[in-house]
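Asks: Pasting the sequence and the predicted model now:
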Amino acid sequence: MDADVIVVGAGPAGSTAAREIASRAGLRNGARVLLIDRARFPRDKPCGGGVTVRTAGLLPFALDPVIEDIVTGARIRIRDGREAIRDGDRPLTYMTQRRHLDAFLVERAQEAGVEFRDGLAVREITALGANGFELQTAGGMLRARVVIGADGANGVVARGLGFDAPATSAVALEGNIAFPDGVPDAFRRRVTLNFGYVPGGYGWVFPKGDHVNVGVGGWKGVTGKRLRPALDRLSRVYGLDPARLESLRGHHLPMQRRGMRTAAGGAAVIGDAAGLVDPLSGEGIHAAVVSGIAVAGAVEDFLGERAKSLAGYEDALGREIGADLATSAALTEIFYAAPEPFVWAMQHVDGVWERCVQLVRGEVDYVDIPRAFGAIGPLTLGPVAALARRYIASRHPER
């Protein structure tokens, strides 16, 4: 065997899984963990690059070396309407760039004993039963007892081992506008959120050290050709010249299908490969880190011969975020059936804004939102979401 575990994909999910597995004290003499990625590092990825406070709290180290801005507030509006600014004194999200964040997380994995090989694409993967897995790469054949797919929604691990592909019900387009002398004060320490330009989503402006990240995203079947015009319009609303947009990239947002398997035998998929993007916010780094931590315990049990498969990962993932993702999906239907009153409440009702702050900070979960309405809240969430879904279908049948 070339390794006990091979993790394919070195984003937040993969590097977290590799580090956590290599750090497990329950593995005698440690586990040989190999982390590989087809790209040469550092490399960029299409992503807003925000790491929420609740996500950062899951990591056993600080992200200070790669943080470019600390968000404590928001600028919120609907299309060209009146803007509300919500400021606070508590950190909500740490802004970084994926080229820096991912390299930093890989370095932490290497410090835990993980071997990292970049520029190594997996071409084919074969399950060998009790003998583990064989991976054909650009650099030759590799073998391992366990394989973790962290290589995205269209990754070779999920495809090669027969895991279901996530749903791609949402798409986004983003770019950067450079500010070599520093981001304007109006964008610093705030996320800019604008609802209504694209159905089923929102536009954003996120501050970084020397640029802002500008993007729009929404339902795949509806937004298609609208994304670029919406991105240009969004830019102009905030005094940004769309002609200055650089590094334009479109990407799909993978989300879980009902009944999706995420583990089988000695293989598992995590992060985007498992469709763990938050349906309401479109954010994926939190679930990526959660899944990377969750799979490590199952790998420890499997390699330690206390379990016959990685099925324990599915159970752990369900306990950690299963109910929250399902609740987020239901709330998404309700929110986008009529976003205006919800956005107005975010702008003007202190209690609603505070609940948003608590969600981002991890002080409450999505499941706590329907519970705030008493016993009837969780019971009516599903039926109300179903009604909202039918209403949305009548207005946007192409969704």
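Replies: On my side now, so go ahead.
Asks: can you give me the helices for the protein?
Replies: In the chain, helices defined by DSSP state H lie at 12-23, 53-56, 98-111, 156-161, 220-223, 227-237, 285-303, 311-317, 323-337, 339-348, 350-361, 368-371, 376-395, listed in chain order.
Asks: Out of those helices, the one nearest L35 is which?
Replies: Counting by Cβ to Cβ, L35 lies closest to helix 12-23 out of these; the figure is 4.2 Å. For every residue, glycine as well, the C-beta is placed using N, CA and C.
Asks: Tell me which of the helices of the chain lies nearest to G250.
Replies: helix 227-237 (6.9 Å).
Asks: Report all helices and strands that that closest one contacts.
Replies: Contacts defined by 3 or more Cβ pairs under 8 Å, 6 or more residues apart in numbering; DSSP states H and E place helix 227-237 against strand 167-178, strand 202-207, strand 211-219.
Asks: averaging pLDDT over each of those, which comes out lowest?
Replies: Sorting the helices and strands packed on helix 227-237 by mean pLDDT places strand 167-178 lowest, at a mean of 91.
Asks: Pull up the pairing partners for that one, direction included.
Replies: Sheet neighbours of strand 167-178, with direction, are listed as strand 211-219 (antiparallel), strand 246-255 (antiparallel) (DSSP bridges).
Asks: Out of those, the one nearest Q136 is which?
Replies: Taking the strands paired with strand 167-178 one by one with Cβ to Cβ, strand 246-255 is closest: 24.6 Å.
Asks: Any buried residues in that closest one, and which?
Replies: Under the neighbour-count criterion of 16 or more other Cβ atoms under 10 Å, strand 246-255 has 251-255 buried.
Asks: As CSV, these with pLDDT and distance to I70 would be great.
Replies: As requested, those are exported to CSV (pLDDT from 0 to 100; distance: Cβ to Cβ, whole Å):
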residue, pLDDT, distance to I70
H251, 89, 25
H252, 89, 29
L253, 90, 25
P254, 91, 28
M255, 91, 29
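Asks: any idea which of those residues is the one closest to R32?
Replies: Among the buried residues of strand 246-255, and counting by Cβ to Cβ, the member closest to R32 is P254, at 29.5 Å.
Asks: Assess the claim that the closest one and F163 are in contact.
Replies: No. P254 is beyond contact range of F163, at 12.0 Å (criterion: Cβ atoms under 8 Å).
Asks: Now that we have the strands paired with strand 167-178, can you turn them into TSV and tack on distance to A329?
Replies: Shown next, in TSV, are the strands paired with strand 167-178 (distance: least, Cβ to Cβ, whole Å):
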stretch	distance to A329
strand 211-219	13
strand 246-255	8
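Asks: The helix or strand bottoming out on mean pLDDT in the chain - contacts with which helices or strands?
Replies: Between all helices and strands in the chain, the lowest mean by mean pLDDT, DSSP states H and E belongs to helix 220-223, at a mean of 86. The contact analysis (3+ Cβ pairs under 8 Å, 6+ apart) places helix 220-223 against strand 167-178.
Asks: list the buried ones in the strand it packs on?
Replies: For strand 167-178, using 16+ other Cβ under 10 Å, the buried residues are 167-177.
Asks: ok, now stretch 24-43?
Replies: Result for stretch 24-43 [16+ other Cβ under 10 Å]: buried residues 24, 27, 31-38.
Asks: Please name the residues that touch the residue nearest to the spatial centre of the chain.
Replies: The centroid of the chain falls nearest to G284 when counting by Cα atoms, centre = their mean (0.7 Å). By Cβ atoms under 8 Å, 6 or more residues apart in numbering, the contact set of G284 is 47, 253-254, 271-272, 276-278.
Asks: Go again with 6 Å.
Replies: Taking Cβ atoms under 6 Å, 6 or more residues apart in numbering, we find G284 in contact with 272, 277.
Asks: likewise L193?
Replies: L193 sits next to 74, 76, 202, 204 when contact means Cβ under 6 Å, 6+ apart.
Asks: And for A170?
Replies: Counting by Cβ under 6 Å, 6+ apart, A170 makes contact with 217, 220, 253.
Asks: I6 now?
Replies: Contacts of I6 (Cβ under 6 Å, 6+ apart): 34, 144, 147.
Asks: hmm, try it at 8 Å
Replies: 33-36, 133, 135, 142, 144, 146-148 are the contacts of I6 under Cβ under 8 Å, 6+ apart.
Asks: Bridged to it, which residues?
Replies: Assigned bridge partners for I6, using DSSP bridges, are L34, V147.
Asks: what about the strands paired with strand 167-178, which gets the closest to D2?
Replies: That would be strand 246-255 among those, by Cβ to Cβ, at 28.7 Å.
Asks: got a list of contacts for the closest one?
Replies: Counting by Cβ under 8 Å, 6+ apart, 44, 46, 152-153, 166-178, 217, 220, 227, 272-273, 275-277, 279, 282, 284, 329 sit against strand 246-255.
Asks: doesn't P339 make contact with P199?
Replies: No. In this structure, P199 is not within contact of P339 by Cβ under 8 Å, at 9.5 Å.
Asks: Could you list the domains of this structure?
Replies: The record assigns the chain these domain ranges, following automatic domain parsing: 3-47+98-165+256-322, 67-96+167-254, 326-395.
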